[in-house]
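Asks: prediction below, plus the sequence it came from.
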Amino acid sequence: MSVTPEQMITRSVCVYCASSRVSHPAYRQAAFKLGEVLAKQGIAILYGGGAVGSMGALADGALAHGGRVVGILPRFMADLELGHRGLSELKLVEDMRTRKHLMLTGAEAVIALPGGSGTLEELFEALTLKRLGLYLGPIVLVNTRGYFEPLKALLEHAVTERFMDARHLAMWQVVAQPEEVPAALASAPAWSAASRSFASV
């Protein structure tokens, strides 16, 4: 089934983001603003459940404006008291794999904020599943401080070197500011399971 911009009224998003306390403050400020923007749009957030870094800022921004925030946290992280205590709902799961699965399948769209290996792994899994036609929703990257420029260049290089099809460049959208996210979600190009026909280049 194809998802068109006209049909895409997003009610929940999965947000991938970081827990670093020492990255540039602009990343946490953008995360807080994204939470605020989504809450004001009535869009629920599913995220990793953390209380610090961009994770905590995202949740705080949404909660401060009446938003619904659902955290999905592995038990070992809860044991280390890394979970956010003010969430609308906190779901404890056994492992990271289950966490990723529930985050992605529980939402209608994906938003990626800057982050490290964990954030990038989650993002690439969503991109891979979209390439295979197993995930059909929008994927939006918030390019704070130009963080995703090297990634954009790498993905474009993958197309140039024929590891990906040029049509795969429509799998994601990139915005500079959190305030641009709702429009990007609404205008994302339609994607369908027919993409399987060109998943293999």
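Replies: Nice, thanks for sending it over.
Asks: list of residues touching stretch 12-22?
Replies: Here stretch 12-22 makes contact (C-beta atoms under 8 Å, 6 or more residues apart in numbering) with 27, 31, 34, 38, 43-48, 50, 52-56, 58, 82, 103-104, 106-116, 118-119, 122-123, 126, 185. For the C-beta atoms, the positions are set from N, CA and C on the backbone; glycine is no exception.
Asks: try it again at 6 Å.
Replies: Contact with stretch 12-22 is made by 31, 43-47, 50, 52-55, 58, 103-104, 107-113, 115-116, 119, 122-123, as judged by C-beta atoms under 6 Å, 6 or more residues apart in numbering.
Asks: with stretch 54-74 instead?
Replies: 15, 17-19, 27-28, 31-32, 35-36, 38-40, 44-46, 48-49, 83-84, 86-93, 95-96, 99, 102-103, 113.
Asks: please repeat the previous calculation with a cut-off of 7 Å.
Replies: 15, 17-19, 27-28, 31-36, 38-40, 44-50, 83-84, 86-96, 99, 102-103, 113, 115 (C-beta atoms under 7 Å, 6 or more residues apart in numbering).
Asks: kindly report the same for stretch 177-184.
Replies: By C-beta under 7 Å, 6+ apart, the list of residues contacting stretch 177-184 reads 30, 33-34, 37, 41, 111, 140, 142, 173, 175.
Asks: just stretch 26-41 next, same as before
Replies: By C-beta under 7 Å, 6+ apart, stretch 26-41 touches 13, 17, 45, 53-54, 57-62, 64-67, 113-114, 142, 144-145, 178-179, 181-182.
Asks: hmm, which of the contacts of stretch 177-184 are the buried ones?
Replies: 30, 33-34, 37, 111, 140, 142, 173, 175 (16 or more other C-beta atoms under 10 Å).
Asks: go through these and flag which are in helices.
Replies: 30, 33-34, 37 (DSSP state H).
Asks: element containing V70?
Replies: Assessed by DSSP states H and E, V70 sits inside strand 69-74.
Asks: in its sheet, what does that strand sit against?
Replies: Partners of strand 69-74 in the sheet, by DSSP bridges, are strand 44-47 (parallel), strand 89-93 (parallel).
Asks: what about it, distance to the chain center?
Replies: Strand 69-74 sits 14 Å away from the centroid of its parent chain (C-alpha atoms, centre = their mean, to the nearest Å).
Asks: quick one: name whatever helix or strand follows it.
Replies: Heading C-terminal from strand 69-74 (DSSP H and E), you reach helix 75-79.
Asks: what packs against that following helix?
Replies: Helix 75-79 sits against no helix or strand, with contacts defined as 3 or more C-beta pairs under 7 Å, 6 or more residues apart in numbering; DSSP states H and E.
Asks: can you list contacts of that helix?
Replies: By C-beta under 7 Å, 6+ apart, the list of residues contacting helix 75-79 reads 83, 92, 94.
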